[in-house]
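1. Sequence first, predicted coordinates after that:
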Amino acid sequence: MLPIDAAAHSSRWRRRHPVDKAVLGLGLTVLAISLPPWPGAALVLVSALVLLLGPAGVPAGRLWRAYRVPLGFCVTGALTLLVRVGGPGGFVSPAPDGPLRAGELLLRTSAASLGVLLFAFTTPMSDLLPRLVRAGVPAPLVDVALVTYRMSFLLLDSVRRVHRAQAARLGHTTRAATWRSLGGLGATAFVRSFDRAARLQTGLAGRGYDGALRVLVPEARVSARFTAASVALLVALAALTFVLERPLS
Amino acid sequence: MSGTVLVALRDVSFAYEDGPPVFTGLDFEVREGRTLALLGRNGSGKTTLMRLLSGGLRPYGGELLLSGRAVRHDRKGLTALRSTVQLVVQDPDDQLFAASVGQDVSFGPLNLGLPDAEVRARVAEALEALDIAALADRPTHLLSYGQRKRTAIAGAVAMRPRVLILDEPTAGLDPDGQERLLATLEGLRAGGTTVVMATHDVDLALRWADDAALLTPWGAHTGPAAEMLSRRDLLTAAGLRLPWGVAAGLFLRARGPAYAADAGPRTPEELAALAALPECGERRPD
């Protein structure tokens, strides 16, 4: 299971309406992008971390396993700002204000990522996808997302099994064998996906599938208190940022 | 065999594209309130037969009857059929598509156009019947194989079918899982559902089913399970063996006249009762 998926299902906020969590998580993301990076993005980052590890009940280990991927992209992006290509300093030279700009970018992107992950870590796909249709997203698009979500786990499982079977027959002992096995694995996964899709359609037809994947939307209500508290937090963070705002350098 | 005929195939012929005929002039009946085991060798047409009965395949000859009326393979006809007859396929992953157990089970009832409250009630009832109410919010990709099987069956049960057709439901389950599933099926049968099960397990069929249908190269042969599963000729033609209960019964019958009237035993308890009869007792070593 993906760490983010596991976290969403075990979160204390799992039963909350997705709108509650969207206001808070996406609100933090907007603040991280729009407020001055110091101290705005830093405050957002700390707040999101406290909320995730505290009230939302996301285990730190799971958070780290899922967060390190987007964080890797943030760091990679920031590193490129440290250097300048061409110019008087040579082909590659340290960029003027590079550390400052890299720090700002890292703060902004890592805080914004945590804001998005706050929503993702507390909202299982089963709560979100059926509601997207009500929110105006075209039903066929949501159906594709729903089936892709389910099929991706089946495909991963299938790939793991084939890989294990190949390894057991020494299919990964040499580089040539590995490439040959990977080719076979890709082809098998492709064919199996088509076969699985055809069989799934047959299985669904038996339950009256007519082109639309209708499922029950989990019962939950938008909490006025939670939303109000979220908005209050966002406003407080913005106000605090403007009060404390100082140049980073 | 007693019971009204609910679903029937009359003079049905079927072949897959570019393949030899699977059935030619097949007659087959599913009777209300009975449990029916469908047995045959691999490739004998068990799955094809079940898909014909549930409207998933259209015969090129003959007809499918629901309560005596021919089923039209159009949207209206199939909707009527599928609200009465439900097929659970062998691999649960061919059926489960939703992100959570409860949502997957709700799919069929929602397609019947039922209001949300009614759907929720049916979902709760089906999950309860399959003993998986605690899994309602679990993501389907986190379920064990046995749990996925139960979820797939719950998806069909939530349609409240009068006939539930199961393609090898015990395959891949451990003995405990098999026993739990059989107890569940017994509960469904007690609630009035007619259950048809395809299986290779002759011992299970003898123990569980009222009737058995053996698919041989000469067609389907249906009758009381104890009688059909004692027919060596049909069992051999169907690529099956004698159930151990029947074999034990034959052995015991050979030892005394008291066993002559019985075709069983079907269960260990029946075997124990037979073994306790005087004719057998006199011959047992101390």
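-> Arrived safely, thanks for sending. These numbers were taken from a predicted model, which means no experiment stands behind them.

2. In this structure residue B:96 contacts residue B:152, no?
-> Yes: Residue B:96 lies in contact with residue B:152 (Cβ atoms under 8 Å); the separation is 6.2 Å. Where you see a C-beta, it was placed from the backbone N, CA and C, and this is true even at glycine.

3. The residue nearest to residue B:38 when sequence neighbours are not counted: neighbour count?
-> Counting by Cβ to Cβ, 6 or more residues apart in numbering or on different chains, residue B:198 is the residue found nearest to residue B:38 once chain neighbours are left out, at 4.4 Å. Residues near residue B:198, counting by other Cβ atoms under 10 Å in any protein chain shown, number 24.

4. repeat for residue B:186
-> Neighbourhood size, residue B:186 [other Cβ under 10 Å]: 13.

5. tell me, how many neighbours does residue B:241 end up with?
-> Counted by other Cβ under 10 Å, the residues lying close to residue B:241 total 14.

6. now residue B:33
-> When counting by other Cβ under 10 Å, one arrives at 15 neighbours for residue B:33.

7. ok, now which ones touch it?
-> B:3, B:189, B:192, B:194 (Cβ atoms under 8 Å, 6 or more residues apart in numbering or on different chains).

8. which ones are touching the first one?
-> For residue B:3, the contacting residues are B:31, B:32, B:33, B:34, B:194, by Cβ under 8 Å, 6+ apart.

9. Give the helix, strand or coil label for it.
-> With DSSP: H, G, I helix; E, B strand; the rest coil as the basis, residue B:3 sits in coil.

10. From chain A, how far out is it?
-> Counting by Cβ to the nearest Cβ, to the nearest Å, the gap from residue B:3 to chain A is 24 Å.

11. what pLDDT does the nearest residue to that residue once chain neighbours are set aside get?
-> In this structure, residue B:3 finds its nearest non-sequential neighbour in residue B:31, 3.5 Å apart by Cβ to Cβ, 6+ apart. pLDDT, residue B:31: 94.

12. Backbone dihedrals for residue B:31, both of them.
-> Torsion angles at residue B:31 (phi, psi; degrees, to the nearest 10) stand at phi -100, psi 140.

13. Does it touch residue B:194 like I think?
-> Yes: distance between residue B:31 and residue B:194: 7.2 Å, which falls inside the contact criterion (Cβ under 8 Å).

14. So which bits of chain A are right by chain B?
-> Residues of chain A lying near chain B by Cβ under 8 Å from any Cβ of the partner chain: A:1, A:5, A:9, A:124-126, A:129-130, A:146-147, A:149-150, A:153-154, A:196, A:199-200, A:202-210, A:213-216, A:218.

15. In helices, which of these fall?
-> Among these, the ones falling in helices (DSSP state H) are A:5, A:9, A:125-126, A:129-130, A:146-147, A:149-150, A:153-154, A:196, A:199-200, A:202-205.

16. low-confidence ranges in chain A?
-> Across chain A, residues meeting the criterion (pLDDT under 70) sit at A:1-3, A:246-249.

17. for chain A, what spans make up the strands?
-> Using DSSP state E, the strands of chain A run over A:83-85, A:92-94.

18. what does the last one rub up against?
-> Applying Cβ under 8 Å, 6+ apart, the external contacts of strand A:92-94 come out as A:82, A:83, A:84, A:85, A:87.

19. Of those residues, which is the nearest to chain B?
-> Chain B lies nearest to residue A:82 out of these, by Cβ to the nearest Cβ, at 41.2 Å.

20. My understanding was that that closest one contacts residue A:99; is that so?
-> Yes: between residue A:82 and residue A:99 there is a contact under Cβ under 8 Å: 6.5 Å.

21. so what's residue A:237 up against?
-> A:28, A:31, A:35, A:40, A:43, A:44, A:47 are the contacts of residue A:237 under Cβ under 8 Å, 6+ apart.

22. And for the second one, the neighbour number?
-> Same thing as residue A:31. 24.

23. do the same with the fifth one
-> Other residues near residue A:43 number 22, with proximity taken as other Cβ under 10 Å.

24. what separates the nearest residue to it once chain neighbours are set aside from residue B:61, distance-wise?
-> Excluding the flanking residues, the one nearest residue A:43 by Cβ to Cβ, 6+ apart is residue A:237, at 5.3 Å. Plainly put, residue A:237 is 73 Å away from residue B:61 if you go by Cβ to Cβ, to the nearest Å.

25. any idea how far residue A:43 is from the residue nearest to residue A:49 when sequence neighbours are not counted?
-> Nearest non-adjacent residue to residue A:49, counting by Cβ to Cβ, 6+ apart: residue A:114, 6.5 Å away. Per Cβ to Cβ, residue A:114 is found 12 Å from residue A:43.

26. Derive a ChimeraX selection command for the buried subset of the contacts of strand A:92-94.
-> Remark: buried members of those, expressed as a ChimeraX selection using 16 or more other Cβ atoms under 10 Å in any protein chain shown:
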select /A:84
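
27. Looking at the contacts of strand A:92-94, which is nearest residue B:229?
-> Closest approach between these and residue B:229, by Cβ to Cβ: residue A:82, at 78.7 Å.

28. Now do the contacts for residue B:40.
-> Residue B:40 makes contact with B:46, B:214, B:215, B:216, B:238, B:239, B:240 under the criterion Cβ under 8 Å, 6+ apart.

29. Just to check, the last one is in contact with residue B:204?
-> No: between residue B:240 and residue B:204 there is no contact under Cβ under 8 Å: 11.8 Å.

30. For the nearest residue to residue B:160 once chain neighbours are set aside, list the residues it contacts.
-> Of all residues not flanking residue B:160 in the chain, residue B:122 sits nearest, at 6.8 Å (Cβ to Cβ, 6+ apart). Applying Cβ under 8 Å, 6+ apart, we find residue B:122 in contact with B:106, B:109, B:114, B:158, B:160.

31. Could you do residue B:82 as well?
-> By Cβ under 8 Å, 6+ apart, residue B:82 lies in contact with A:206, A:207, A:208, B:54, B:55, B:159, B:161.

32. Against residue B:167, how distant is it?
-> Remark: distance between residue B:82 and residue B:167 (Cβ to Cβ) = 16 Å.

33. next one: residue B:20
-> According to Cβ to Cβ, residue B:20 and residue B:167 sit 22 Å apart.

34. Neighbour count: these two, which is higher?
-> Taking other Cβ under 10 Å, residue B:20 and residue B:167 do not tie; residue B:167 has more neighbours (21 against 7).

35. Mind listing residues that contact stretch A:175-191?
-> For stretch A:175-191, the external contacting residues (Cβ under 8 Å, 6+ apart) are A:155, A:158, A:159, A:162, A:163, A:166, A:170, A:171, A:172.

36. Filter those down to the buried ones.
-> In these, burial by neighbour count holds for A:155, A:158, A:162, A:163, A:166, A:171, A:172, counting by 16+ other Cβ under 10 Å.
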